[in-house]
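>>> Task: produce atomic coordinates for the following.
(one chain, ligands or ions: 2)
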Amino acid sequence: MKKLSVNYMYLEITRKCTLECAHCMRGNRQNVDMSDEILDNALKDVTHIQELDLGGGEPLLVPRVIENIINKIKFYDIKVGKISFTTNGTVLTPRIVELIRELQEIAPLNVRLSHDKFHLLELYVKKLTDRVDKNNELFTEMLGYNPKDKDFAMNDGIISRIGKAKSLTQEELDAINKWIKPTYYHLSSESPNTLDVVKMYDWDKDVVQVCGSVVISATGYLTQMDKEYELEDKGPIFGLHIKDKSLLTALIQYEKQCRNSVGKAKYQDYPEENDSKLKK
Ligand SMILES: C[S@@+](CC[C@H](N)C(=O)[O-])C[C@H]1O[C@@H](n2cnc3c(N)ncnc32)[C@H](O)[C@@H]1O
Ligand code: SF4
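Ligands and ions are numbered 1, 2, ... in the order given. Below is the predicted model of the structure:
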């Protein structure tokens, strides 16, 4: 069976969260974690991952899943270039601290702490501001940099009008803007088009190269980064699930569909005649 080398893999490891930010692109939080079965299907055929991003929900709420990922990386001997996650900073238990150190042993760790006005309002309302400040000091000590300094999409001032952000009126957004900090964030009228295309190379080799973003939802769908839970569960854009098929098989279909939807992109054709060889 062929193996995969992936340049970016995002795993939505949970949909649980400690906050209910008004702008949350995912929608309302859910009591759903990525299962062992999905995780195993996501990782068992992979040899290299240039960047592994642990997403959510609030990823630090699920030490069990993080531990599972660490074990699978070791068991399948996956070479990882960088591990990253974005956190709201509310959860930093001793167990999470241990797991962060274990992640750091696998690869350099890129942590981003969300500190936009929506999070700050939520922290203020839920009286969690001091806790996050303390946690951030600990993060800074462990990582050697302040995770507040790390860039992420919202720093560009772009808010996707999906999930809960869809129902915010301009007045509500303006009211939030007045609450905290200068208004250097703005709202785009449309969700930016962030179709995550995937291209695959080296079909004739044992390890197929996957260029692009491999985004896997907590429920096992190959999905897109800018998606809300509800759309993911309807089988997002392409409706490909890795519970009933291997990641390689799902990615072959995904690549074909990307090719159809992004007409101008130049794709190396997947050699159909190799279908039988791939299954060996
Ligand atoms: C979905 S959250 C998950 C990680 C963690 N719960 C957190 O908030 O940091 C990841 C990042 O997406 C950002 N985000 C959420 N909704 C957004 C939206 N509608 N547009 C742009 N960014 C959004 C959050 O502010 C956060 O920085
Ligand atoms: S933005 Fe992050 S912290 Fe806020 S509700 Fe969404 S997942 Fe939770």
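>>> from the middle of its chain, how far away would stretch 27-40 be?
On the basis of Cα atoms, centre = their mean, to the nearest Å, stretch 27-40 sits 12 Å off its chain's mean C-alpha point.
>>> for stretch 240-252, that is, sorry about that
Centroid separation for stretch 240-252 versus its chain: 18 Å, with Cα atoms, centre = their mean.
>>> Tell me the buried residues in it?
For stretch 240-252, a neighbour-count test (16 or more other Cβ atoms under 10 Å) marks 240-242, 246-252 as buried. All C-beta atoms are positioned from the backbone trio N, CA, C, and that covers glycine.
>>> which non-adjacent residue is nearest Val210?
Nearest non-adjacent residue to Val210, counting by Cβ to Cβ, 6 or more residues apart in numbering: Val6, 4.6 Å away.
>>> what's the one you found sitting at in phi/psi?
phi -110, psi 130 (degrees, to the nearest 10).
>>> that older thread, now, which of the buried residues of stretch 240-252 lie within helices?
247-252 (DSSP state H).
>>> could you redo those residues as JSON lines and give each row pLDDT?
Below are those laid out as JSON lines (pLDDT from 0 to 100):
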{"residue": "Leu247", "pLDDT": "94"}
{"residue": "Leu248", "pLDDT": "93"}
{"residue": "Thr249", "pLDDT": "90"}
{"residue": "Ala250", "pLDDT": "91"}
{"residue": "Leu251", "pLDDT": "91"}
{"residue": "Ile252", "pLDDT": "89"}
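>>> out of these, what pair is the most spread apart?
The span of these, defined through Cβ to Cβ, is set by Leu247 and Ile252 at 9.8 Å.
>>> returning to what we had before: can you tell me which of the buried residues of stretch 240-252 is nearest Val46?
Closest approach between the buried residues of stretch 240-252 and Val46, by Cβ to Cβ: Leu247, at 7.2 Å.
>>> what's the neighbour count on the residue lying closest to that closest one once chain neighbours are set aside?
Nearest residue to Leu247, sequence neighbours excluded (Cβ to Cβ, 6+ apart): Asp45, at 5.5 Å. If you count neighbours by other Cβ atoms under 10 Å, Asp45 ends up with 19.
>>> Also Asp36?
Here the count is done by other Cβ under 10 Å, and Asp36 has 12 residues near it.
>>> Which residue is the nearest non-sequential neighbour of it?
Spatial nearest neighbour of Asp36, chain neighbours left out: Asn68 (6.2 Å); criterion: Cβ to Cβ, 6+ apart.
>>> ditto for Val214
Nearest one to Val214, counting by Cβ to Cβ, 6+ apart, is Met9 at 4.7 Å.
>>> Check whether the one you found sits in a helix, strand or coil.
Counting by DSSP: H, G, I helix; E, B strand; the rest coil, the backbone at Met9 sits in strand.
>>> Identify the bridge partners of it.
With DSSP bridges as the criterion, Met9 is bridged to Leu52, Val214.
>>> all helices in the chain, in order from the N-terminus.
Taking DSSP H as the criterion, the chain carries its helices at 36-43, 63-75, 94-106, 117-125, 129-143, 170-179, 229-233, 247-261, 275-279.
>>> Make CSV out of the ones you listed and add distance to ligand 1.
Shown next, in CSV, are the helices of the chain (distance: least, Cβ to the nearest ligand atom, whole Å):
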stretch, distance to ligand 1
helix 36-43, 18
helix 63-75, 14
helix 94-106, 14
helix 117-125, 6
helix 129-143, 11
helix 170-179, 11
helix 229-233, 10
helix 247-261, 22
helix 275-279, 34
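>>> just so I know, which of these lies nearest ligand 2?
The closest of those to ligand 2 is helix 117-125. By Cβ to the nearest ligand atom, the value is 6.1 Å.
>>> Distance from the chain centre to the closest one, please.
Worked out by Cα atoms, centre = their mean, helix 117-125 lies 22 Å from the chain centre.
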